[in-house]
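# Coordinates only, no sequence provided:
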């Protein structure tokens, strides 16, 4: 079975079971991760609105160095306060995506397996996301993603032991075919606690 036939068969099964296989299958005004991933820099505003099934809210229109920019916001499906923000620049009368940002969550989910200080201190710059997840023995929660003309990155949060509001945050940028660690921070005691880097 070739890849096209296999993909079509899997899509048919997912649709039959009631699942969505593409961004267009979600017709809510909120943006999910598949819709976010389907938008690329350079896409027109009309194309983005079609993929997101919503116009979004215009937040800001500015003029810089003779160019007009517009910022639009949509709500994310992941949490009550989650947002997706795109900045558009106008060229030849068409608004085109210049960068995109998503705040999927403001805190890590709380699984039984939490990131320990030993695990956190083992993480070093340049490690891949896969390696960090292996060290933590849990996937963490992608809380932020961004893409612009210079970089693509994300922040992944892990809960920590004995502190419901504590968090271990690891920052990644896409480099050499993988998301790689560029920085990290942790608060082991929650609100008002010191940050560990």
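Now that the structure is in, tell me what you want to look at. The model shown is predicted, which means the values in this text are computed figures rather than measured ones. Numbering: from 1, shown residues only.
# buried set for the helix or strand harbouring residue 97?
Element membership for residue 97, per DSSP states H and E: strand 94-103. Using 16 or more other CB atoms under 10 Å as the test for burial, strand 94-103 gives 95, 96, 97, 98, 99, 100, 101, 102, 103. Placement of C-beta: from N, CA and C, glycine included.
# With stretch 152-169 instead?
For stretch 152-169, burial by neighbour count (16+ other CB under 10 Å) applies to 153, 154, 155, 156, 157, 158, 159, 160, 166, 167, 168, 169.
# so how far is residue 92 from the third one?
To tie it back to what came earlier, the one meant is residue 155. 35 Å (CB to CB, to the nearest Å).
# so where's this protein uncertain?
Along the chain, segments meeting pLDDT under 70 span 1-28, 108, 110-111, 190-197.
# Domain parsing of it, as residue ranges.
Following the assignment in automatic domain parsing, the chain carries domains at 27-100, 117-196.
# Out of the ones you listed, which is closest to residue 107?
Residue 107 sits nearest to domain 117-196 of all those, at 6.6 Å, using CB to CB.
# after the top strand by length along the chain, next one along is what?
Counting residues, the longest strand found in the chain (DSSP state E) is strand 163-175. Later in the chain than strand 163-175, the nearest helix or strand by DSSP H and E is strand 178-187.
# Give me the contacts around that following strand.
Strand 178-187 is contacted by residues 115, 117, 120, 123-130, 132, 153-154, 160, 163, 165-174, 193-197 when judged by CB atoms under 8 Å, 6 or more residues apart in numbering.
# So for it, what gets flagged as buried?
179, 180, 181, 184, 186, 187.
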